[in-house]
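K.L.:
Sharing a sequence plus its predicted fold:
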Amino acid sequence: MAGAASALFLLDIKGRVLVWRDYRGDVSATQAERFFTKLIEEEGDSESQDPVVCDNGVTYMFIQHNNVYLMIASRQNCNAASLLLFLHRLVDVFKHYFEELEEESLRDNFVVVYELLDEIMDFGYPQYTEAKILSEFIKTDAYRMEVTQRPPMAVTNAVSWRSEGIRYKKNEVFLDVVESVNILVNSNGQIIRSDVVGALKMRTYLSGMPECKLGLNDRVLLEAQGRTTKGKAIDLDDVKFHQCVRLARFENDRTISFIPPDGAFDLMTYRLSTQVKPLIWVEAQVERHSRSRIEFTVKARSQFKERSTATNVEIELPVPSDSTNPNVRSSMGSASYAPEKDALVWKIKSFPGGKV
């Protein structure tokens with residue numbers, strides 16, 4: 001098992017300890033002072049702005065949110081990426097309880113903060129970070145704290161992300177595939193690198209403990225079944241699943257089987273390393289008339305089918321930071337100068353396919 005966290009500190013912007021929780025007894029409160037001293041020493045060095053700092057046998061992992069530093073100290077060889085993700089999840093939990101995570105909200109809710117720190121980590125190992133589940137037995141109402149409450153079933157069973165007893169009059173599932181295309185093009189118009197980053201976003205309103213299954217046109221699965229993959233299959237890279245997905249089932253038959261959380265969540269994210277044709281191709285010609293005057297001619301061409309239409313297209317053209325009073329004309333949509341971006345912004349509300 002990867003190394004555990006020794007302690008968790010919540011510091012103000014000046015490095016003073018607001019709250020800290022010792023989990024293993026091998027560090028002291030003075031570690032926060034040493035961490036902040038080390039942080040100030042490296043503040044002027046832009047190459048040393050790392051979220052992980054090592055000093056005298058102690059590893060410090062931290063993030064900053066508003067005027068609060070969240071820092072984990074550990075004497076073991078721990079998984080830094082996992083603990084940094086844990087700190088971001090902790091921010092989400094605090095925001096769920098206090099609307100916003102700031103020094104003032106921590107000072108006003110010391111009791112709740114300590115209760116949360118006791119539940120989300122045990123002996124230095126992250127436990128429950130689902131805000132909806134934690135809010136069922138850790139209440140912000142001080143009067144309710146006098147009542148002995150049973151922990152919800154989600155804490156004591158294997159499905160920590162969903163409570164039992166959920167009921168809806170109408171069962172609904174919404175699935176959206178959101179993809180972004182990243183393309184690097186050289187000055188000759190040749191595509192050097194392209195990839196697609198996507199996410200499967202779900203909203204579920206289902207009763208009980210539903211078992212959901214989802215299949216993909218994954219090349220690995222289709223080839224294993226002896227089915228043709230020409231033009232129908234994709235190679236998924238860097239696949240990341242929500243914790244509700246049964247990974248063993250996916251490795252066995254490439255089926256995404258899961259009991260979903262209630263509400264909205266990202267089921268999976270992925271990347272496709274494939275040659276992608278830009279949906280909109282932009283060409284820019286630069287002509288210098290004098291030392292103080294320059295002319296840009298920008299053409300945009302849609303490369304998708306005519307029956308499709310792109311909406312709310314926005315093209316940014318960087319210009320020198322000392323540009324003044326540009327004269328902008330556009331044959332389609334509207335173009336304007338955005339001095340805060342040092343760019344010309346061309347906005348097209350509706351861009352039909354196969355059009356220049």
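P.N.:
Okay, I see it.
K.L.:
which residues does L39 contact?
P.N.:
For L39, the contact set (CB atoms under 8 Å, 6 or more residues apart in numbering) comprises 15, 53, 62. To be clear about C-beta, it is placed using only N, CA and C from the backbone, and glycine gets the same treatment.
K.L.:
Just to be sure, it is in a strand?
P.N.:
No: per DSSP: H, G, I helix; E, B strand; the rest coil, L39 lies outside any strand segment and is helix.
K.L.:
how near is the nearest residue to K213 once chain neighbours are set aside to Q243?
P.N.:
Leaving aside its chain neighbours, K213 sits nearest to S257 (5.1 Å; criterion: CB to CB, 6 or more residues apart in numbering). S257 is 13 Å from Q243, where distance means CB to CB, to the nearest Å.
K.L.:
of these two, who's got more company?
P.N.:
S257 (17 against 13; other CB atoms under 10 Å).
K.L.:
Show the average pLDDT along the host helix or strand of the more buried one.
P.N.:
With secondary structure defined by DSSP states H and E, S257 is part of strand 256-258. Strand 256-258 comes out with an average pLDDT of 89.
K.L.:
now stretch 40-53
P.N.:
68.
K.L.:
among the helices and strands of the protein, which one scores worst on average pLDDT?
P.N.:
Of the helices and strands making up the chain, the lowest-confidence element is helix 153-156, at a mean of 50, by mean pLDDT, DSSP states H and E.
K.L.:
V197: what secondary structure?
P.N.:
Per three-state DSSP, V197 ends up strand.
K.L.:
and it, what does it touch?
P.N.:
179-180, 182, 269-271.
K.L.:
Can I have the buried ones of these as a ChimeraX selection?
P.N.:
Applying 16 or more other CB atoms under 10 Å to those leaves a buried subset, and the ChimeraX line that selects it is:
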select :269,270,271
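K.L.:
what's the closest of the contacts of V197 to L106?
P.N.:
T269 (31.3 Å; CB to CB).
K.L.:
Which strand residues bridge the closest one?
P.N.:
In this entry, T269 is beta-bridged to A199, K240, by DSSP bridges.
K.L.:
Surely it and D237 touch.
P.N.:
No: with contacts counted by CB atoms under 8 Å, T269 stays clear of D237, the gap being 10.8 Å.
K.L.:
So which residue of the chain lies furthest out from the middle?
P.N.:
S290 (46.2 Å; CA atoms, centre = their mean).
K.L.:
How about it: which residues does it bridge to?
P.N.:
Beta-bridge partners, per DSSP bridges, of S290: R293.
K.L.:
Roughly how far does D108 sit from Y114?
P.N.:
Distance from D108 to Y114, by CB to CB: 13 Å.
K.L.:
swap in P126?
P.N.:
17 Å.
K.L.:
and for the helix ranked longest in the chain, what are the contacting residues?
P.N.:
Using DSSP state H to define each element, the chain has its longest helix at helix 80-98. For helix 80-98, contacts defined as CB under 8 Å, 6+ apart pick out 2, 5, 51-52, 59, 61-63, 65, 70, 72, 74, 101, 105-106, 108-109, 112-113, 116, 120-121, 126, 129, 131-132, 134-135, 140.
K.L.:
Among those, which ones are in helices?
P.N.:
105-106, 112-113, 116, 120, 131-132, 134.
K.L.:
any chance of the residues you listed in a markdown table, plus distance to I315?
P.N.:
Shown next, in a markdown table, are the ones in helices among the contacts of helix 80-98 (distance: CB to CB, whole Å):
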| residue | distance to I315 |
| --- | --- |
| S105 | 41 |
| L106 | 44 |
| V112 | 48 |
| V113 | 46 |
| L116 | 46 |
| I120 | 44 |
| A131 | 39 |
| K132 | 41 |
| L134 | 44 |
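K.L.:
Separate out the buried members of these.
P.N.:
105-106, 112-113, 116, 120, 131, 134.
K.L.:
Go through the residues you listed and say which is closest to G215.
P.N.:
Using CB to CB, these come closest to G215 at A131, 30.8 Å.
K.L.:
now the closest one: how far from V93?
P.N.:
5 Å.
K.L.:
Also V282?
P.N.:
Counting by CB to CB - V282 and V93 are separated by 43 Å.
K.L.:
higher neighbour count, the two?
P.N.:
V93 (20 against 14).
K.L.:
Bridged to A73, which residues?
P.N.:
A7, Y60.
K.L.:
residues contacting P318?
P.N.:
With CB under 8 Å, 6+ apart, P318 has these contacts: 342-343.
K.L.:
Return the backbone torsion pair for it.
P.N.:
Backbone torsions for P318, taken as degrees, to the nearest 10, come to phi -60, psi 140.
K.L.:
how far away is it from E340?
P.N.:
P318 is 13 Å from E340, by CB to CB.
K.L.:
Likewise for E119?
P.N.:
With the distance defined as CB to CB, E119 ends up 44 Å from E340.
K.L.:
ok, these two, which is more surrounded?
P.N.:
Neighbours were counted for E119 and for E340 using other CB under 10 Å; E119 has more, 18 against 5.
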